[in-house]
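Participant: what follows is a predicted protein model with its sequence.
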Amino acid sequence: MKANLRNARALAMALRAAVARSSTVRVAATLDGGEGWRIGPRTLPPPAGASEPLRKILTDMPAPSALLAPTTMAAWKAFIALGDAAKIELGDAFIKEHNLKVAEERMSGVRVFRVTPPRIAPEHAHRLFVHVHGGGFIVGNGRAALPEALQIAESLKIPALTIDYRMPPDHPAPASMDDVVAVWRELVEAHSPATIILGGTSAGATLTLVATLRMKELGLALPAALFVGTPAADLAKRGDARFINDGIDHTLVSWDDVKAAIALYVGDKSYDDPHISPIFGDFTGFPPTYLISGTRDLLLSDVVRTHRKLRRAGVEADLNVYEGVAHADYSQLANTPECAEHYAELNAFVSRHLAR
């Protein structure tokens, strides 16, 4: 997974470069002599309970610096194009390194990609991981939707399908949700829902929740299980972690820096609409759900709130929180024990809840 880690860092740098060309850089933190990050008046040492590889990565990494969002539509398009290009490069390197097969299809007019690992685990032979990609609701067009689906397929030895849903700025909500539901409708005509897990990370996790709410409203059969990785369950600036981890999460850095992209997605909808912020929906009857976050995740409160709401609705919910992990580190920092442990836990969860 070395190429994965290297290119994940390249992706972050490319996205920051795109913003820097269209806006003013705002430095929020400095590296504090190798002993930790100085963030305003605070000094944050390397996480004591994290693995040594993760501690080394964070020690060598400059402290997070926040950047202003693009201010024009042309700048947004450039930002998205750079992010997509970096994700495609990341995915192509992973495909080559792990000998994965990828086939493009159309389902209900929506482009999807089927991912087949070179070896499928016998217990997963008739199972399917339906993946909803992340990218802040704006990045991940075409083959840029693939990286996490590739990692899941290779790590779990399971067939996967990722959905290339419509996104802003041309297609605000609820277009993304509608595409996921449309694919699901067609998919369950050929696959038993009892053999399918639906999920993804970040925006993909949010869309997993809102799509499941919509499926329930429509009376559709639901997946056997959900994977909900660090969702933005509340798209407004609410929840302790939005404030406590501000400037600490090296991926998102600050909600004030991602809210412009969120606004493109929300459009004219209300932030309290359950199809926008799923935390306001009814989770009764949801499938068993695997949730993951970390102590440095800007969206940790979203994960905690989602877990408690699922449990209060009587849903089995498996909460995994890792020391020192920021937003989506469990997939981006692929050469860490935390990443390996996450995929082992996820694989065990799939094996427990999906029919053969």
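Facilitator: The structure has been received and is ready for your questions.
Participant: could you list every residue that touches the spatially most central residue of the chain?
Facilitator: Central residue of the chain (CA atoms, centre = their mean): residue 201, 1.9 Å from the mean position. Listed by CB atoms under 8 Å, 6 or more residues apart in numbering, the contact set of residue 201 reads 134, 148, 229, 230, 328, 331. The C-beta positions use only the backbone N, C-alpha and C, and glycine is treated the same way.
Participant: once you drop chain neighbours, what's closest to it?
Facilitator: residue 229 (3.6 Å; CB to CB, 6 or more residues apart in numbering).
Participant: could you report the neighbour count for that neighbour?
Facilitator: By other CB atoms under 10 Å, 26 other residues sit near residue 229.
Participant: the one 10 residues further on too?
Facilitator: Residue 239 is flanked by 22 other residues according to other CB under 10 Å.
Participant: pLDDT at it, what is it?
Facilitator: Per-residue confidence (pLDDT) for residue 239: 96.
Participant: ok, it to residue 322 distance?
Facilitator: 18 Å (CB to CB, to the nearest Å).
Participant: now do the strand or helix carrying residue 341, average pLDDT.
Facilitator: Using DSSP states H and E, residue 341 falls within helix 337-353. Averaged across helix 337-353, pLDDT comes to 97.
Participant: list the contacts of that helix.
Facilitator: Contacts for helix 337-353 (CB under 8 Å, 6+ apart): 1, 50-51, 53-54, 123-124, 127, 129, 151-152, 155-156, 158, 197, 224-225, 227, 287-288, 290, 292, 294, 318, 320, 322, 325, 329-331, 333.
Participant: are any of these buried, and which?
Facilitator: 1, 50-51, 54, 124, 127, 129, 151-152, 155-156, 158, 197, 224-225, 227, 287-288, 290, 292, 294, 318, 320, 322, 325, 329-331, 333 (16 or more other CB atoms under 10 Å).
Participant: in strands, which of those residues appear?
Facilitator: 129, 197, 225, 227, 290, 292, 294, 318, 320, 322 (DSSP state E).
Participant: residue contacts, the fourth one?
Facilitator: Yep, that's residue 227 we're talking about. 129, 197, 198, 199, 200, 205, 208, 289, 290, 346, 349.
Participant: turn the residues you listed into JSON lines, including distance to residue 38.
Facilitator: What follows is the contacts of residue 227, written out as JSON lines (distance: CB to CB, whole Å):
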{"residue": "129", "distance to residue 38": "41"}
{"residue": "197", "distance to residue 38": "42"}
{"residue": "198", "distance to residue 38": "41"}
{"residue": "199", "distance to residue 38": "36"}
{"residue": "200", "distance to residue 38": "34"}
{"residue": "205", "distance to residue 38": "31"}
{"residue": "208", "distance to residue 38": "37"}
{"residue": "289", "distance to residue 38": "37"}
{"residue": "290", "distance to residue 38": "35"}
{"residue": "346", "distance to residue 38": "35"}
{"residue": "349", "distance to residue 38": "38"}
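Participant: any of the residues you listed buried? List them.
Facilitator: For the contacts of residue 227, a burial check counting by 16+ other CB under 10 Å picks out 129, 197, 198, 199, 200, 205, 208, 289, 290, 346, 349.
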